[in-house]
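>>> Pasted the sequence and its predicted model underneath.
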Amino acid sequence: MNVSMHFFVSLILCAVLFPFVGWWCVLFFVGSFLVDVDHYLDYVFSFRDLSLKRAYLFYKNYSGHLTVRLNVFHTFEFWVFLLVLSFFYKPVMFFSLGILFHMLLDLHNITVKKNITRSPSIIHWLVKKK
């Protein structure tokens with residue numbers, strides 16, 4: 001799913017949630033939208049280029065033809081880490097719910113395109129990288 005779609009869908013859901021959870025919905029929004037910063041970090045470390053525009057264009061046109069990418073905030077290990085923290089910190093719970101919502105949107109997109117371009121796990125990525 002593209003960045004603007006994540007932004008607007010997450011913003012709308014945040015507005016719907018606000019009457020029920022108050023300002024906690026802002027953390028939900030941050031989790032559901034800014035989790036994609038790992039795409040930019042992957043681009044920066046892979047290509048040694050800080051250009052946000054080129055990173056955006058790279059991922060917009062990327063079809064998995066080069067290699068499976070590691071987007072660390074989209075991995076199973078990161079989700080488990082957040083799940084554990086969510087039991088102890090309420091802000092992390094709302095942030096994690098936002099990431100879960102983001103991943104559901106991504107799952108829908110992957111199902112439609114039938115193109116998986118990132119590793120679901122850091123361990124999987126390390127094994128495939130060899």
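Received the coordinates, thanks.

>>> Can you tell me the SS state at the residue of the chain positioned farthest from its centre?
No residue in the chain sits farther from the centre than Pro19, which is 25.5 Å out by Cα atoms, centre = their mean. Following DSSP: H, G, I helix; E, B strand; the rest coil, Pro19 is assigned to helix.

>>> Look up how far Leu100 lies from it.
According to Cβ to Cβ, to the nearest Å, Pro19 and Leu100 sit 21 Å apart. All C-beta atoms are positioned from the backbone trio N, CA, C, and that covers glycine.

>>> same question for the lengthiest helix in the chain, mean pLDDT?
Ordering each helix of the chain by length in residues (DSSP state H) puts helix 90-113 first. What helix 90-113 shows for mean pLDDT is 87.

>>> Quick one: list the elements packing against that helix.
With contacts taken as 3 or more Cβ pairs under 8 Å, 6 or more residues apart in numbering; DSSP states H and E, helix 90-113 sits against helix 3-21, helix 24-34, helix 76-86.
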